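1. what shape does this take:
(2 chains)
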Amino acid sequence: LAKTTQPISMDSYEGQEVNITCSHNNIATNDYITWYQQFPSQGPRFIIQGYKTKVTNEVASLFIPADRKSSTLSLPRVSLSDTAVYYCLVGVDRGSTLGRLYFGRGTQLTVWP
Amino acid sequence: DAGVIQSPRHEVTEMGQEVTLRCKPISGHDYLFWYRQTMMRGLELLIYFNNNVPIDDSGMPEDRFSAKMPNASFSTLKIQPSEPRDSAVYFCASSPGTGGTYNSPLHFGNGTRLTVT
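-> Next comes the predicted model:
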């Protein structure tokens, strides 16, 4: 299983850029890296997904170095509403052998005014 | 699209009672997942289905837990008999793929908060 390691918690202030790094040393060639966001009393919500280099959407950017053993989720100019738990996942789907996604404990991001 | 719909949102029951959680996935999604979330263990995969067929149930904690998917638009997770340690939030998710491949993210419902007293 391609498990991931991320900080348990992070704090930031409104308007700052937040970078959350995830380690996934056992990532396989076909695995994608996916990030989810979870607010209290809600299910996780997809934020961004990537394979290599950089991916950007309207919510965040995802930076993946060449060796793909880590990835960094970047949230520009956070607001109070970005306070949530952020999960980094690595897909373990390999051909005909379907695998299991590992959510881990995630990173609790708290944004302060 | 209404998204993944779970019912009930909250369930309080006594130890020994049967509990049934329900899920309606997004139409057209071939995969359905049941997760359990607790403070101690985080988010755990219990079981997932592909085209209504259970693929991996190795996360089901014990025989008291069972899940079915009689058709593409409905799934249930049953606990019989329930125990206090089953108290958790149970999430259902659906996806066009396994969630790890490209462009097949998981779409979660808002969960069922189960309390067993």
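2. could you use CA atoms for every contact and neighbour count after this?
-> Noted.
3. can you give me the strands in the chain?
-> Defaulting to chain A. Taking DSSP state E as the test, the strands found in chain A are A:9-13, A:18-23, A:33-38, A:45-50, A:53-56, A:61-64, A:70-75, A:84-90, A:107-112.
4. chain B is the one I meant
-> According to DSSP E, the strands that chain B contains are B:5-7, B:10-13, B:19-24, B:31-38, B:42-50, B:53-56, B:65-71, B:74-79, B:88-95, B:107-108, B:112-116.
5. which stretches of chain B have low pLDDT?
-> Scanning chain B for pLDDT under 70 picks out B:1, B:98-103.
6. low-confidence ranges, chain A, go.
-> When residues are selected by pLDDT under 70, those of chain A lie in A:1-2, A:92-101.
7. between the strands of chain B, which gets nearest to residue A:37?
-> Ranking the strands of chain B by distance to residue A:37, with Cα to Cα as the measure, places strand B:107-108 first at 11.1 Å.
8. one step back: residue A:102 is nearest to which of the strands of chain B?
-> Comparing the strands of chain B by Cα to Cα, strand B:42-50 comes nearest, at 7.7 Å.
9. can you spell out which helices and strands pack onto that closest one?
-> Applying 3 or more Cα pairs under 8 Å, 6 or more residues apart in numbering or on different chains; DSSP states H and E, one finds that strand B:42-50 contacts strand B:31-38, strand B:53-56.
10. now do the buried residues in the longest one.
-> Residues of strand B:31-38 classed as buried: B:31-37 (neighbour count, 16 or more other Cα atoms under 10 Å in any protein chain shown).
11. looks like residue A:55 contacts residue A:71 (just checking).
-> No. Under the criterion of Cα atoms under 8 Å, residue A:55 is not in contact with residue A:71, lying 10.9 Å apart.
12. still on that earlier bit, okay if I get the strands of chain B as a markdown table plus distance to residue A:64?
-> Output for the strands of chain B, formatted as a markdown table (distance: least, Cα to Cα, whole Å):
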| stretch | distance to residue A:64 |
| --- | --- |
| strand B:5-7 | 34 |
| strand B:10-13 | 39 |
| strand B:19-24 | 35 |
| strand B:31-38 | 28 |
| strand B:42-50 | 24 |
| strand B:53-56 | 30 |
| strand B:65-71 | 37 |
| strand B:74-79 | 37 |
| strand B:88-95 | 24 |
| strand B:107-108 | 24 |
| strand B:112-116 | 35 |
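13. tell me which of those strands is the most buried.
-> strand B:88-95 (a mean of 26; mean count of other Cα atoms under 10 Å in any protein chain shown).
14. residue contacts, the residue nearest the centre of chain B?
-> Nearest residue to the geometric centre of chain B (Cα atoms, centre = their mean): residue B:34, 2.7 Å. Listed by Cα atoms under 8 Å, 6 or more residues apart in numbering or on different chains, the contact partners of residue B:34 are B:45-48, B:77, B:90-93.
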